[in-house]
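> model this:
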Amino acid sequence: MDSIIELKDINKIYGKRVKTQVLNNINLSIDKGSFNSIIGASGSGKTTLLNIIGMLDRPTSGQVELEGRRIDKMSRRVLADIRNREVGFVFQFHHLLPEFNAIENVIMPRSIRDIFCGRKTSEKAKELLELVGLPKVKKNKVYDLSGGEQQRVAIARALMNSPKIILADEPTGNLDSKTSEVIYNIFRDINKELGTTFIIITHDERIAKKTDRIIEIEDGVIKF
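Now for the predicted structure:
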């Protein structure tokens, strides 16, 4: 299977006077269409690794490739465009905009990309809300939704630009076990139906064990 992400000899060091090495010589390949989890103790480097994959942070040294394109040396402006078009993010805290309703939040990534969003955009947003099981809440404000519903809106938003990769950082961290299972099933359905690559940071062993590949990181080093 072809890889979509390649990390080569990645190191990440924070600080100038007092240096802290968070990632140590990471080499990692992620296959297209794969369903992966990243596990490890707090402070092990999981989120830093995910941020480098998602172009939210740069490595101190090493190379990051997205479908054969080296992206770690690209400008911030170019990276922002690639990130908006090709990567979707789902976080533990949904980061929805409370002044907008559900469908307006879903449309937001397209609004950033395109100044004018027409009927096709609205129709796609409705389809995505249906995909995540929320066809009836499109006009509801964020504060009228449950925590699980808010997270599902965030998933629909992450899919708005048809990304190749979904990066999820503790997406079920604030949810009960039943709702966590619902979120996992939505992710898996999207993975199977759309071929979207998933990389999920999780402390939930039940979720991790259901993924196709578990990547364990300890003290900034991937364990094999």
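
> just the element for the most centrally placed residue in the chain, please.
Residue closest to the mean C-alpha point of the chain, counted by CA atoms, centre = their mean, is residue 167 at 1.8 Å. Counting by DSSP states H and E, the secondary-structure element that holds residue 167 is strand 165-169.

> which one's the longest helix in this structure?
When the chain is parsed with DSSP state H, its longest helix is helix 177-194.

> quick check: next helix or strand after the lowest-mean-pLDDT helix or strand in the chain?
Within the chain, confidence by mean pLDDT, DSSP states H and E is lowest for helix 102-113 among all helices and strands, at a mean of 80. Where DSSP H and E defines the elements, the next helix or strand beyond helix 102-113 is helix 119-131.

> tell me how far residue 224 lies from residue 120.
As defined by CB to CB, to the nearest Å, residue 224 lies at a distance of 46 Å from residue 120. For every residue, glycine as well, the C-beta is placed using N, CA and C.

> neighbour count winner among these two?
residue 120 (9 against 6; other CB atoms under 10 Å).

> quick check, pLDDT for the more buried one.
The per-residue pLDDT reported for residue 120 equals 82.

> and it, how far from residue 134?
From residue 120 over to residue 134 (counting by CB to CB), the distance is 20 Å.

> what are the boundaries of the helices in the protein?
Chain-ordered helices for the chain, with DSSP H as the definition, fall at 46-53, 76-86, 102-113, 119-131, 147-158, 177-194, 205-210.

> worst mean pLDDT among those helices?
helix 102-113 (a mean of 80).

> how about that helix: buried residues?
For helix 102-113, a neighbour-count test (16 or more other CB atoms under 10 Å) marks 102-110 as buried.

> ok, and what's touching it?
84-85, 88, 96-97, 100, 117, 121-122, 125-126, 128-129, 134, 137-142, 145, 153-154, 156-158, 160-161 (CB atoms under 8 Å, 6 or more residues apart in numbering).

> beta-bridge partners for residue 6, please?
When bridges are taken as DSSP bridges, the partners of residue 6 come out as residue 29, residue 65.

> returning to what we had before: got the contact list for the residue nearest to the centre of the chain?
Per CB under 8 Å, 6+ apart, neighbours of residue 167: 50, 53-54, 87-90, 199.

> about what we covered before: kindly reformat the helices of the chain as a markdown table containing distance to residue 218.
Output for the helices of the chain, formatted as a markdown table (distance: least, CB to CB, whole Å):
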| stretch | distance to residue 218 |
| --- | --- |
| helix 46-53 | 10 |
| helix 76-86 | 28 |
| helix 102-113 | 34 |
| helix 119-131 | 36 |
| helix 147-158 | 28 |
| helix 177-194 | 24 |
| helix 205-210 | 15 |
